[in-house]
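1. need coordinates for the below:
(one chain, ligands or ions: 2)
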Amino acid sequence: MQKELTYDAVMSYSGHPSADDIYQMISKEHSSISKATIYRNLSILSDEGKIGRVESFANGEVHYDHRTDKHYHGHCRKCGRVVDIDLSYDNDFVAKALPMEDGFSITSHELIFEGICRDCREKEKKNGTEGIKN
Ligand SMILES: [Zn+2]
Ligand SMILES: [Zn+2]
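-> Ligands and ions are numbered 1, 2, ... in the order given. All right, here's what the predicted structure looks like:
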């Protein structure tokens, strides 16, 4: 039942929540559920392929995703938000890599685009004009 709650929370989240975002969301209505339980359920659900997981950020952040199909992500360097990038997933990308001499066998790939999200750009713009006025 707690696993279902966790699943529903990820599905109803429009973006790419962190485990803490999901915990905040669930604990509003179910204050008895522990953070550890939610974190554990998130990792089980993503291992089972029921929800997506986005990781490999330099700072070790993990975000979850209601989408489970393969797609690329963008990462805001200012606020850490994760967005979907409108670029079709290249299934042939792995085949394009030359065989590795050290025997490393590539099984899949992931791409994370770094950038600045709209909210952060608007904030910057606003601060920029205020800066000029003052
Ligand atoms: Zn941002
Ligand atoms: Zn996504």
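2. use CA for all of it now, contacts and neighbours both
-> Fine.
3. show me the contacts for the residue nearest the centre of the chain.
-> Closest residue to the average C-alpha location of the chain: His63 at 3.4 Å, with C-alpha atoms, centre = their mean. By C-alpha atoms under 8 Å, 6 or more residues apart in numbering, the residues touching His63 are His16, Pro17, Ser18, Ala19, Arg53, Val54, Glu55, Val82.
4. residues contacting the residue lying closest to it once chain neighbours are set aside?
-> Nearest non-adjacent residue to His63, counting by C-alpha to C-alpha, 6 or more residues apart in numbering: Ser18, 4.4 Å away. Ser18 sits next to Glu61, Val62, His63, Tyr64 when contact means C-alpha under 8 Å, 6+ apart.
5. of those residues, closest to Cys117?
-> Taking C-alpha to C-alpha as the measure, Cys117 sits nearest to His63 out of the contacts of Ser18, at 16.0 Å.
6. quick check: bridge partners of the closest one?
-> For His63, the beta-bridge partners are Ser18, Val54 (DSSP bridges).
7. and the gap between it and ligand 1?
-> Separation of His63 from ligand 1 (C-alpha to the ion, to the nearest Å): 15 Å.
8. got a pLDDT number for that residue?
-> pLDDT, His63: 96.
9. and the one 3 residues further on, by the same measure?
-> Each residue has a pLDDT score; the one for His66 is 97.
10. excluding chain neighbours, what is closest to Asp84?
-> Closest to Asp84 by C-alpha to C-alpha, 6+ apart is His73, at 4.7 Å.
11. ok, that neighbour - contacts?
-> Val82, Val83, Asp84, Ile85, Leu111, Ile112, Phe113.
12. what subset of those residues is buried?
-> The neighbour count (16 or more other C-alpha atoms under 10 Å) marks Val82, Val83, Asp84, Ile112 as buried among the contacts of His73.
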